[in-house]
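**Q** could you look at this predicted model? Sequence included:
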Amino acid sequence: MAAELDEMTQYDWFAHARSYETKGDDKKALEAYEEALKIDQEYAKAWFYKARLHYRLGQKELAKECAKRTIEIKPDWEKHVKKYMPDI
C-alpha cells in the first residue's frame, strides 16, 4: 500500500475498496468502505458504493441502510440510488 495504514485517508480507503471490488474480493472491499466511513461518516460516495455492493450481494437490508444514508447526505443523489438499486 502506498500510504501507511494509520496515515490513510477516507479517499485512500475508498480507492482500495473500489480496487478490491474490481478484483472480486467483496469481503475486503466492504472492510475498506467501512474504514473510509470510520474516518468520515459524511462520505456519501463511500455510502453509495457500499450500498451498491451490498445490493449486488443480495443483502437488501444492508443496501437499504447505506442507500438511506447516502440520500441523507446528498439528497440529489436519489436518482442514482434508484437507478442502481430500483427495488429498495
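**A** Received it, and whenever you're ready, just let me know what you need.
**Q** okay, now residue 34: neighbour count?
**A** When neighbours are defined as other C-beta atoms under 10 Å, residue 34 has 13 of them. Heads up, the C-betas are built off the backbone N, CA and C, glycines and all.
**Q** name the residue closest to the centre of this protein, please.
**A** residue 50 (2.5 Å; C-alpha atoms, centre = their mean).
**Q** after the helix or strand containing it comes which helix or strand?
**A** For residue 50, the element it lies in under DSSP states H and E is helix 44-56. Next along the chain after helix 44-56, taking DSSP H and E as the criterion, comes helix 60-73.
**Q** identify each buried residue in that following helix, please.
**A** Burial within helix 60-73, assessed by neighbour count using 16 or more other C-beta atoms under 10 Å, is assigned to 62-67, 69-71.
**Q** report all helices and strands that the helix or strand bottoming out on mean pLDDT in the chain contacts.
**A** The weakest-scoring helix or strand in the chain, judged by mean pLDDT, DSSP states H and E, is helix 78-84 (a mean of 96). On a contact count with 3 or more C-beta pairs under 8 Å, 6 or more residues apart in numbering; DSSP states H and E, helix 78-84 meets helix 44-56, helix 60-73.
**Q** on that earlier part again, check contacts around the closest residue in space to the residue nearest to the centre of the chain that isn't next to it in sequence.
**A** Leaving aside its sequence neighbours, residue 50 sits nearest to residue 33 (C-beta to C-beta, 6 or more residues apart in numbering; 4.1 Å). For residue 33, the contacting residues are 13-14, 17, 46, 49-50, 53, by C-beta atoms under 8 Å, 6 or more residues apart in numbering.
**Q** now with 6 Å, please.
**A** Residues in contact with residue 33 (C-beta atoms under 6 Å, 6 or more residues apart in numbering) are 17, 46, 50.
**Q** how many neighbours does the second one have?
**A** With neighbours defined by other C-beta under 10 Å, the count for residue 46 comes to 27.
**Q** hmm, it is touching residue 35, no?
**A** No - judged on C-beta atoms under 6 Å, residue 46 makes no contact with residue 35 at a distance of 9.3 Å.
**Q** sort out which residues of stretch 71-87 are buried, please.
**A** 71, 74, 77, 81, 84-85.
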